[in-house]
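Asker: What shape does this take:
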Amino acid sequence: MQKKINRVTKKKKKYKTHVPLEYKELFRGNQDDHFRLGVKITKAAVRPFVDFFGADIVFASPLGIVTAINDDISAADFLSAIELVIVDRCDVVAMQNWEHLETVLEKCNQLPKDAKDVDVNRCHEFHLNGAAACARQTIFLSQFETAEINATFNGSLCVNVEGKFRLRATKEKGVLGLVASPDDPRNLRKNQSGSLPNLISRQEFELVRVSKKNIKDADDIRFRHFAKAVLPRIRENPDQGQLIFCATYFEFVRVRNLLVDREVSFAINSEYIDTAEAARARTLFADGRKRCLLLSERAYFYQRRNIRGVNSVFFYSLPENPHFYAEVCAFMKNPAPARSRHEGIGTKGTAGGGAHGTKTAHALFSHLDALKLERVCGTKRGRKMIQETKDVNAKDNDMFVFC
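Answerer: This is a model prediction of the structure:
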């Protein structure tokens, strides 16, 4: 009697054509960001799933370690003997919660709460004196440089006695060419990606001036500028389909409350609403029943949904990932729904709607966004924009337009 063998075939998840390859590679397989695994290496074998106190290597997410610490304070004792920390894909960790990583680094190389069969005679003296963190090596790997990475790298959490070394790309090409007019052959040569077609677009970068004395109030200054200068343009624009992009959830909440206070018709897509509600919000926006759509960077990172009916994009703050800028602007290439094909077009000179239906991307930036600006506009162009805006009293160079 032959045995019947059930062959289980793994079906590859099918993505839509607008989903970039980077997203497919990142989210393939197990997507659980709450994991921790101890591995012990011997001469005979490699043993996974061992206790952390007997493990040679620990593979874990910051969330997995933080939850273990919250359950039991003594669970962090295994971090006291860490000699090497490798933080892979810091750009992805930042999309989760960077504070979890800082919590893990703070717990590393501290004196344990419980000895747990430790032979004190075999411990190094500088470990007992609480100086083990000065001998720990910490390596950060990321696709791009962010302010959070630099703050952690330059702060008190990384204090190796041998010093620090940073290796970064000398020049960024920028992504403005991916959102440029196809009539310009120079922009066609710059477009090396087949996933993002060229768009007819006017790209505006507006400076939010923040003096050195008011750096701590930079978020409030940006918010007041948006409420006073940008929001009236959105409300006065006769076009439907205004997309507002926020880099952080805190900015998202402030802008959401402002839109509610000003009685603006809008829908939201954030990382804290369920899939069905987010889909309904995008449908209301595409059909013209909602004038604006408020989108957070983290929501777009986890769910690369295609948004229809976008006529203009307003970046309250530039995204950390430069490709998000080009991909969000690519929403303007989508064919407009039937409701908006015969509607009025924005008047000339109005942000969000130019003459002859020109698609417009409008972004706010300050000199504190130098890293983001450099990745979006390119190293040479970004540095020039920051250099020209150093004069706080000059008001004639607050707008940079790329067509």
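Asker: Please make it C-alpha for all contacts and neighbour counts, starting now.
Answerer: Noted.
Asker: helix or strand right after the helix or strand of the chain with the lowest mean pLDDT?
Answerer: The least trusted helix or strand in the chain, going by mean pLDDT, DSSP states H and E, turns out to be helix 185-190, with a mean of 38. Going down the chain from helix 185-190, the next helix or strand is strand 201-207, by DSSP states H and E.
Asker: So for that following strand, what gets flagged as buried?
Answerer: Ser201, Arg202, Gln203, Glu204, Phe205, Glu206, Leu207 (16 or more other Cα atoms under 10 Å).
Asker: residues touching Phe245, list them.
Answerer: Phe245 sits next to Leu294, Leu295, Ser296, Glu297, Val313, Phe314, Phe315, Tyr316, Ser317 when contact means Cα atoms under 8 Å, 6 or more residues apart in numbering.
Asker: can you redo the residues you listed as TSV with neighbour count, distance to Thr42 and secondary structure?
Answerer: Conversion of these to TSV gives the following (neighbours: other Cα atoms under 10 Å; distance: Cα to Cα, whole Å; DSSP: H, G, I helix; E, B strand; the rest coil):
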residue	neighbour count	distance to Thr42	secondary structure
Leu294	22	53	strand
Leu295	24	50	strand
Ser296	22	47	strand
Glu297	26	44	helix
Val313	27	56	strand
Phe314	24	56	strand
Phe315	21	53	strand
Tyr316	22	53	coil
Ser317	21	50	coil
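Asker: Between the residues you listed, which sits nearest Ser61?
Answerer: Glu297 (21.0 Å; Cα to Cα).
Asker: List the single closest residue to the closest one in space, sequence neighbours excluded.
Answerer: Computed as Cα to Cα, 6 or more residues apart in numbering, the closest residue to Glu297 that is not its neighbour in sequence is Ala247, at 4.9 Å.
Asker: what's the spacing between Met385 and Gly163?
Answerer: 33 Å (Cα to Cα, to the nearest Å).
Asker: higher neighbour count, these two?
Answerer: It is Met385, of Met385 and Gly163, that has more neighbours when counted by other Cα atoms under 10 Å, with 23 against 9.
Asker: Arg47: which element?
Answerer: Under the assignment here (DSSP H and E), Arg47 is part of strand 46-48.
Asker: Given that strand, what are its sheet partners and their directions?
Answerer: Strand 46-48 sits in its sheet next to strand 36-41 (antiparallel), going by DSSP bridges.
Asker: got the buried residues for the partner strand?
Answerer: Buried positions in strand 36-41, judged by neighbour count with 16+ other Cα under 10 Å: Arg36, Leu37, Gly38, Val39, Lys40.
Asker: outside of it, which residues touch it?
Answerer: With Cα under 8 Å, 6+ apart, strand 36-41 has contacts from 46-52, 54-61, 64-65.
Asker: please redo it, this time with the cut-off set to 10 Å
Answerer: Applying Cα atoms under 10 Å, 6 or more residues apart in numbering, the contact partners of strand 36-41 are 46-65, 68.
Asker: Let me have the contacts of Phe245 in TSV, extended by pLDDT and distance to Leu79.
Answerer: Output for the contacts of Phe245, formatted as TSV (pLDDT from 0 to 100; distance: Cα to Cα, whole Å):
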residue	pLDDT	distance to Leu79
Leu294	97	41
Leu295	97	38
Ser296	96	34
Glu297	96	32
Val313	94	45
Phe314	96	44
Phe315	97	41
Tyr316	97	40
Ser317	96	37
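Asker: closest to Ser80 among those residues?
Answerer: For the contacts of Phe245, the closest approach to Ser80 (Cα to Cα) belongs to Glu297, at 35.3 Å.
Asker: For Gln143, see how far away that closest one is.
Answerer: Glu297 is 17 Å from Gln143, by Cα to Cα.
Asker: Likewise for Val313?
Answerer: Distance of Val313 to Gln143, computed by Cα to Cα: 25 Å.
Asker: mind checking the backbone torsions on the most centrally placed residue in the chain?
Answerer: By Cα atoms, centre = their mean, the chain has its centre lying nearest to Glu320, at 4.5 Å. Taking degrees, to the nearest 10, you get phi -70, psi -40 for the backbone angles of Glu320.
Asker: For it, list the residues it contacts.
Answerer: 91, 94-95, 144-147, 247-248, 297, 369, 371-373, 375-376.
Asker: one more time with 6 Å, if that's ok
Answerer: For Glu320, the contacting residues are Lys372, by Cα atoms under 6 Å, 6 or more residues apart in numbering.
Asker: measure stretch 114-125 end to end?
Answerer: Note: stretch 114-125 ends 18 Å apart using Cα to Cα.
Asker: Kindly report the same for stretch 143-151.
Answerer: For stretch 143-151, by Cα to Cα, the gap between its terminal residues amounts to 17 Å.
Asker: looking only at pLDDT, what's the mean for that stretch?
Answerer: Over the span of stretch 143-151, the pLDDT mean works out to 93.
Asker: What residues sit buried inside it?
Answerer: Residues Phe144, Glu145, Thr146, Ile149 are the ones in stretch 143-151 that count as buried (16+ other Cα under 10 Å).
Asker: Now do the phi/psi pair for the third one.
Answerer: Yep, that's Thr146 we're talking about. Backbone torsions of Thr146, given as degrees, to the nearest 10, read phi -130, psi 170.
Asker: Give me the pLDDT value at the residue nearest to it when sequence neighbours are not counted.
Answerer: The shortest distance from Thr146 to any non-neighbouring residue, by Cα to Cα, 6+ apart, is to Leu371 (6.8 Å). Note on Leu371: pLDDT of 93.
Asker: Can you give me the neighbour number for Leu371?
Answerer: Considering only other Cα under 10 Å, Leu371 is surrounded by 19 other residues.
Asker: Okay then, goodbye and thanks.
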